[in-house]
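In: Let me see the structure of the following:
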Amino acid sequence: MAPLNVIPSALDLFANTGLSSLQSPASFSRNFLREHGLPLPEDMSDGSADDSSSVPSLGERDESTASSDDTYHRYTERFKRELLGELGGESATAVPSWVDIPIDESDGMDDDVPKTRAPRLYPYEIGDFMKSNYYRQFLHPSVRERTYVTSRDAKSTFRSRFRVPLSYLDQLTDMFIFRGWVRETNRVKGHELYVRTQLLIMSSLEHLGGRKPFMQFKNDTEMCEAMHSVFFKEVFLERMFSVRDEYISLPPDLDELLKVMNVYKESGLPGCSGSIDVVHCKWSNCPAGDAVKATGKEGFPSLAFECVTDNRRRVLGVAPVQFGARNDQHIVRLDPTVKSIRKEWYQEVEWSYFDIEGNELWSKGVYLICDGGYLRWRSLICPFQHCRNGTRQGYFSSNLESVRKDVECTFGILKKRWRILEYGMHYRSIDRCEKIFVTCCVLHNMMLDLITPSDAEARVGRGCPLPGDAIYLEGATDRCDTESRLNWCGRDYKAERVEARDWMARSELLADHLWFTKSNKT
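Out: Predicted coordinates for the structure are as follows:
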């Protein structure tokens, strides 16, 4: 009886040699099986010994042999499939069902023996959180009360690592659990779920605050690198980005808006509702195809984010991410926050001012203060250009430049607290970089709700901070295709000229108001 390893070599011989031209496929199959002592199938047992003599030579073949060619191909394909075990759903190493060959159980072909699975190259490990460094140092019941007290200090170890006090971390953990962003499983539930969620949030905050790589969190949390990476990208960023409208928004009603406007009115800017500017964040892993359009005045690839803030350094709006080569005039056209200021009920709000003679007048429509790089819109007031300091326009420009520093302070607080924005975002996806910036703004606003100083209404002084303000500054505390959003066309130049005239008229009346109030104070 022929061994099994003879069959593949015979097939190769049958396919690669010229034997098919010398004898018919049926005779070759029968001869091959008889030589190796294999039984014949029923459709091949015709009793003839050899019919090679009936096969015409190559020169004598004509149309009458077409049926013989069909038989040749049919027998060839079936013979190969049966010998290779492809009939009846059998595996490639199995023997045809019509071949009665005893199989040794030691061949490894017994179906009762379970298959062994290869070990994972990168195991998904979860250790004992009770032994983790973070739990023993900050979250254990014996040290938890002490951590509550020390985490209020901005220079404590807990705040240096995670950028937030422990009470704020507890609120974040409650949000993730009560909103169903993390759920109980058969393995993790109850107190263990709460602690593990806190450890994962702590690693995400430390990654944002110090750009610490995920591979270094295993020794501190007893959880593998993959778990921290997946939680940060797929859970933390996604969920914090989904609640951006709850924490980043313009004043929802007139009462909240008047609170903001009154503070700016005391600074000589009646009708102002906030400051606006663009901040650039380094894009460390910028793709080569985006390097040119992402490289602007900084000299390295960056992403631009336009933000609107109030006098308390609260972020009121974040525009969609733009490449660093885009200028302020282009980005402001695509900002939905500015569009709301210009088109919605904010343009119906009335506010009073004084003219140069001291008469009280009224105007309609709030505005934002900005630098000289923006468009001349009546909803965007910037300093005058080429004016002397002692003049009416010069005094107004210097006062506006000092008041609008609240947005610059907000950018400084964001970059120093969440250093991933300053040192560079090591992600290639522009959508993920946008979610990182928005998440930092959400966390910044949530911090303001928890640790707002008593003198937060005091504005920054001209030249130096006012007393008590330094305490607050220390922090006691496929999307849509980007290019499609950048393609704006159909500019109405006539409407822009009208906007420029309205801007000049409003700037002049604000300068008159400030000059009159200054004269009365002196």
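
In: What segments of the stretch 251-400 of the chain are helices?
Out: For the stretch 251-400 of the chain, helices defined by DSSP state H, counting those that start in this stretch occupy the ranges 254-266, 291-294, 328-332, 336-343, 392-403.

In: Turn these into TSV, columns for mean pLDDT and mean neighbour count.
Out: Placement of C-beta: from N, CA and C, glycine included. Output for the helices of the stretch 251-400 of the chain, formatted as TSV (pLDDT from 0 to 100; neighbours: other CB atoms under 10 Å):
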stretch	mean pLDDT	mean neighbour count
helix 254-266	91	16
helix 291-294	90	16
helix 328-332	90	17
helix 336-343	92	18
helix 392-403	88	19
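
In: pLDDT score for the residue nearest to Q322 when sequence neighbours are not counted?
Out: Spatially, and ignoring its direct neighbours in sequence, Q322 is nearest to A304 (4.5 Å; CB to CB, 6 or more residues apart in numbering). In this model, A304 is scored at 94, pLDDT.

In: Quick one: residues contacting D255.
Out: If you count contacts by CB atoms under 8 Å, 6 or more residues apart in numbering, D255 has none.

In: who does the top strand by length along the chain touch, helix- and strand-wise?
Out: Counting residues, the longest strand found in the chain (DSSP state E) is strand 272-282. The contact analysis (3 or more CB pairs under 8 Å, 6 or more residues apart in numbering; DSSP states H and E) places strand 272-282 against helix 254-266, strand 302-309, helix 328-332, strand 367-369, helix 405-417, helix 420-423.

In: just the CA coordinates of it, formatted as PDB?
Out: The C-alpha coordinates for strand 272-282 follow below in PDB (Å, rounded to 0.1, in the frame of the first residue of the first chain):
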ATOM      1  CA  CYS A 272     -18.400  93.800  25.200                       C
ATOM      2  CA  SER A 273     -19.200  90.200  25.800                       C
ATOM      3  CA  GLY A 274     -15.700  88.500  25.600                       C
ATOM      4  CA  SER A 275     -12.300  88.400  24.000                       C
ATOM      5  CA  ILE A 276     -11.300  86.300  20.900                       C
ATOM      6  CA  ASP A 277      -7.900  85.100  19.600                       C
ATOM      7  CA  VAL A 278      -6.200  82.200  18.000                       C
ATOM      8  CA  VAL A 279      -3.700  79.900  19.700                       C
ATOM      9  CA  HIS A 280      -1.300  77.600  17.900                       C
ATOM     10  CA  CYS A 281      -0.400  74.100  19.300                       C
ATOM     11  CA  LYS A 282       2.600  72.100  18.000                       C
END
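
In: and it, average pLDDT?
Out: Mean pLDDT, strand 272-282: 93.

In: and if you look at stretch 183-193?
Out: Throughout stretch 183-193, pLDDT has a mean value of 83.

In: swap in stretch 315-326?
Out: Stretch 315-326 comes out at a mean pLDDT of 92.

In: now do the same end-to-end measure for it.
Out: Taking CA to CA, to the nearest Å, stretch 315-326 runs 21 Å from one end to the other.

In: Buried ones in that stretch, by neighbour count?
Out: Going by neighbour count (16 or more other CB atoms under 10 Å), the buried part of stretch 315-326 is V315, L316, G317, V318, A319, P320, V321, Q322, F323, G324, A325, R326.

In: Of those, just say which sits nearest to L361.
Out: Checking those against L361 by CB to CB gives L316 as the nearest, at 27.3 Å.

In: contacting residues for the residue lying closest to that closest one once chain neighbours are set aside?
Out: Distances taken as CB to CB, 6+ apart place V308 nearest to L316, at 4.5 Å, with adjacent residues excluded. With contact set as CB under 8 Å, 6+ apart, V308 has these partners: L250, G274, S275, I276, V315, L316, G317, T337, V338, L368, V407.

In: Then Q329?
Out: By CB under 8 Å, 6+ apart, the residues touching Q329 are G373, Y374, L375.

In: Any of those buried? List them.
Out: By 16+ other CB under 10 Å, those give Y374, L375 as buried.

In: Name the spans of the stretch 301-450 of the chain whose pLDDT lies under the cut-off.
Out: Within the stretch 301-450 of the chain, the segments meeting pLDDT under 70 span 449-450.

In: now do the stretch 1-150 of the chain
Out: Judged by pLDDT under 70, the stretches of the stretch 1-150 of the chain that qualify are 1-114, 117-127.
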